[in-house]
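Asks: Whatever this is, show me its structure:
(one chain, ligands or ions: 1)
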Amino acid sequence: MHPFFEQVKGKLIVSCQALADEPLHSAFIMGRMALAAKEGGAAAIRAQGTDDIKEIKKVTGLPVIGLIKRNYADSEIYITSTMREVEELLSTPCEMIALDMTDRLRPNGEKVETLIEKIHEAGRLVLADISTYEEGKAAEKFGVDAVSTTLSGYTSYSPQIEGPDYALAARLSSDLLVPAFGEGRIHTPEDLKRMMELGVWSAIVGSAITRPQLITKDFARVL
Ligand SMILES: CC(=O)N[C@H](C=O)[C@@H](O)[C@H](O)[C@H](O)COP(=O)(O)O
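Replies: Numbers count the residues shown, from 1 in each chain. Model prediction:
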């Protein structure tokens, strides 16, 4: 097994992302955010964009799951959609690349197999971001190294629930041979604990730690 998996087993992975329309959009700030996450006990970082990934690696030295969010007119897929994003990510030192592996058409009709092959040839790991159990099973067949519940609630056909998709995480953890990560709407330490107790390999927390505009909103809405 790749050392990455030993490093993150039973641990917290923190997603440090701020897109161009978010207040903290800046590689410098994401580097500092990731350093704070490291000080707090994060075992790895999930990050968006080549500048952020390079800065986070330099500042923290932690393992990084890289992705690029980019919208295309002919597809709903936006997380590492095409070979263009894969090649950009391969220019960074990230250990693992997260790919949308939902059952939806990719831009330009590109095939996910080609992307997986390219990533593996470069000696990196593939994380499948999925929204349903069936997509997780299919991703495993495609030869990915791990799956994450990232997109549950973000495809039209997955359950639209407020909290984390514990049921999906539990099912994937018990049925798949590859590690399953719990991700998406883990808002509190209690949520994280429950997710881990379901048997996930590790869990990824983003907004509740690294999107202060959303954290503030949560406080402000009770007033
Ligand atoms: C759906 C989507 O695009 N999720 C993105 C995936 O990279 C990120 O915006 C999330 O922050 C990440 O998945 C962690 O989830 P949460 O922020 O809920 O803890």
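
Asks: tell me the contacts of L89?
Replies: L89 makes contact with T50, I53, G66, L67, I68, T80, I97, according to CB atoms under 8 Å, 6 or more residues apart in numbering. Every C-beta, even on glycine, is put in place using the N, C-alpha and C of the backbone.

Asks: can you do 10 Å?
Replies: Counting by CB atoms under 10 Å, 6 or more residues apart in numbering, L89 touches 49-50, 53, 64, 66-68, 80, 96-99, 119, 122, 124.

Asks: taking those one by one, which sit in strands?
Replies: Taking DSSP state E as the definition of strands, the contacts of L89 contribute V64, G66, L67, M96, I97, A98, L99.

Asks: Save these as CSV, and put in distance to I161 and neighbour count too.
Replies: Putting the ones in strands among the contacts of L89 into CSV (distance: CB to CB, whole Å; neighbours: other CB atoms under 10 Å) gives the following:
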residue, distance to I161, neighbour count
V64, 29, 27
G66, 28, 30
L67, 23, 27
M96, 27, 23
I97, 27, 28
A98, 22, 28
L99, 24, 26
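
Asks: So which of those residues reach the ligand?
Replies: Restricting the ones in strands among the contacts of L89 to those within reach of the ligand (CB under 6 Å from any ligand atom) leaves L67.

Asks: of all the contacts of L89, which comes closest to K38?
Replies: Here the nearest of the contacts of L89 to K38, counting by CB to CB, is V64; it sits at 11.4 Å.

Asks: Without its sequence neighbours, what residue ends up closest to the closest one?
Replies: Closest residue in space to V64, ignoring its immediate chain neighbours: C94 at 4.3 Å, by CB to CB, 6 or more residues apart in numbering.

Asks: wouldn't that neighbour be in contact with E55 here?
Replies: No - here C94 does not reach E55: they are 12.0 Å apart, not a contact under CB atoms under 10 Å.

Asks: Pull up the overlap in contacts between these two.
Replies: For the pair C94 and E55, residues contacting each of them under the criterion CB under 10 Å, 6+ apart are A47.

Asks: For the chain, give the residue positioned nearest to the ligand.
Replies: G206 (2.8 Å; CB to the nearest ligand atom).

Asks: Number of residues surrounding that residue?
Replies: G206 sits with 19 neighbouring residues when counted by other CB atoms under 10 Å.

Asks: ok, so what distance separates it from E121?
Replies: Counting by CB to CB, to the nearest Å, the gap from G206 to E121 is 29 Å.

Asks: again with F219
Replies: When distance is defined by CB to CB, F219 is 47 Å away from E121.

Asks: before we move on, what about G184?
Replies: In terms of CB to CB, G184 sits 30 Å off from E121.

Asks: and if you look at L105?
Replies: From L105 over to E121 the distance is 24 Å, taken as CB to CB.

Asks: Kindly report the same for F28.
Replies: Relative to E121, and taking CB to CB, F28 is found at 32 Å.

Asks: How about A180?
Replies: Using CB to CB, which is the criterion applied here, A180 is 25 Å from E121.

Asks: give me the element K58 is part of.
Replies: With secondary structure defined by DSSP states H and E, K58 is part of helix 50-60.
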